[in-house]
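K.L.:
sharing a model that was predicted from the sequence below.
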Amino acid sequence: MAVDGGSVHGLTVRTATVRGRSHMQTGEERHDAYVVRTDPALPWIVAVVADGVSSSMNAGEAAAEAVAHAGQLVLDRLRSEGPPDGPHWWTGVFERTAIAIAAHTEGLPRREPPAARRRMMEPSPAATTLAVLVAPAEPTRDLRLFSAVVGDSRILRLHDGAWSALLDARDSTTGSDRVQTLPRHPEAMCATESVWRQDEVLVLATDGFADAIGPASPLALALADRWRRPPSLPGFLRDVDFRKATYNDDRTVIALWQGNADSAVA
């Protein structure tokens, strides 16, 4: 597991990733990954999460390569072109990230899922979801949000105690119930532009966390109350590492609050 956080310009950031109990039982590594990227010369923060598909080979490596490559590409494009001006801005990011994932994982030793998972289906080549958020580092000056997703990792809003989706690729019409992933399906990318409302918390999450946040579940209500203000790092890790029956997948969460709460405490 890993937990981190702090203040970035006019924001407070919390990140946490934990290995799911299903992977603990099989002795597998965590297949989720995340990265948060900033540049002092840019008024933006880039947050990225990925969830390696457990039935694929080298799933954890695919997720790690996805967040590292996409995070750097987005930062580079922000420097050279400014913020996204439509879905086409994201197309190159996801296509080049897909190429990087394939090249990286094809050169690795073949690491298959454990036998119990292989009995359910033949392992596929490395695959991962990817969700990217570009948010303003100084929300008092610019409230625009830009996001893009492939797969079932999600970007959520938490406002006035209620959870909603900022971007959920599952809402798009794909003609199939199968989750689209990288590197095979960069064309399945969904992108949107929105506005960061006052007192709204932004949450990027893999499905191990997002699936458990029902519209009015006890867990969703409890977290909505606790996350009105940024929790401590141990508190945030404890919140992400909740116990809930049947929710045994890896969980990765990046949460952003407006305001510099850590500096205020210091």
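P.N.:
Sure, I can see it.

K.L.:
list the buried residues of the longest helix anywhere in the chain.
P.N.:
The longest helix of the chain (DSSP state H) is helix 59-81. By neighbour count with 16 or more other Cβ atoms under 10 Å, helix 59-81 contains the buried residues 59-75, 77-78. For glycine as for every other residue, the C-beta is placed from the backbone atoms N, C-alpha and C.

K.L.:
and the contacts of the strand or helix carrying residue 96?
P.N.:
Assigned by DSSP states H and E, residue 96 belongs to helix 87-106. Under the contact criterion Cβ atoms under 8 Å, 6 or more residues apart in numbering, helix 87-106 has outside partners 57-58, 61-62, 65-66, 69-70, 73-74, 77, 81, 84, 125-126, 128, 130, 132, 148, 150, 182-184, 186, 189, 191.

K.L.:
give me the helices and strands touching the helix or strand containing residue 24, please.
P.N.:
According to DSSP H and E, residue 24 maps onto helix 21-26. Of the remaining helices and strands, none touches helix 21-26 by 3 or more Cβ pairs under 8 Å, 6 or more residues apart in numbering; DSSP states H and E.

K.L.:
centre of the chain to it, how far?
P.N.:
21 Å (Cα atoms, centre = their mean, to the nearest Å).

K.L.:
same question for stretch 216-235.
P.N.:
Taking mean C-alpha positions (Cα atoms, centre = their mean), stretch 216-235 and its chain are 18 Å apart.

K.L.:
check the separation of the first and last residues in it.
P.N.:
Terminal residues of stretch 216-235 lie 22 Å apart, using Cα to Cα, to the nearest Å.

K.L.:
kindly provide the distance from the residue most central in space within the chain to residue 101.
P.N.:
By Cα atoms, centre = their mean, the chain has its centre lying nearest to residue 49, at 2.6 Å. Distance of residue 49 to residue 101, given as Cβ to Cβ, to the nearest Å: 15 Å.

K.L.:
now swap in residue 42 and tell me
P.N.:
25 Å.

K.L.:
also residue 34?
P.N.:
16 Å.

K.L.:
any idea of the mean pLDDT in whichever helix or strand residue 7 is part of?
P.N.:
Element membership of residue 7, judged by DSSP H and E, is strand 2-8. When pLDDT is averaged along strand 2-8, the result is 95.

K.L.:
repeat for stretch 36-52
P.N.:
On average, stretch 36-52 scores 97.

K.L.:
and residue 42 and residue 101? which has more neighbours close in?
P.N.:
Remark: of residue 42 and residue 101, residue 101 carries more neighbours, 31 against 17, as counted by other Cβ atoms under 10 Å.

K.L.:
any idea of the pLDDT on the closest residue to that one other than its chain neighbours?
P.N.:
Excluding the flanking residues, the one nearest residue 101 by Cβ to Cβ, 6 or more residues apart in numbering is residue 183, at 4.4 Å. If you check residue 183, the pLDDT there is 97.

K.L.:
good, we can wrap up now.
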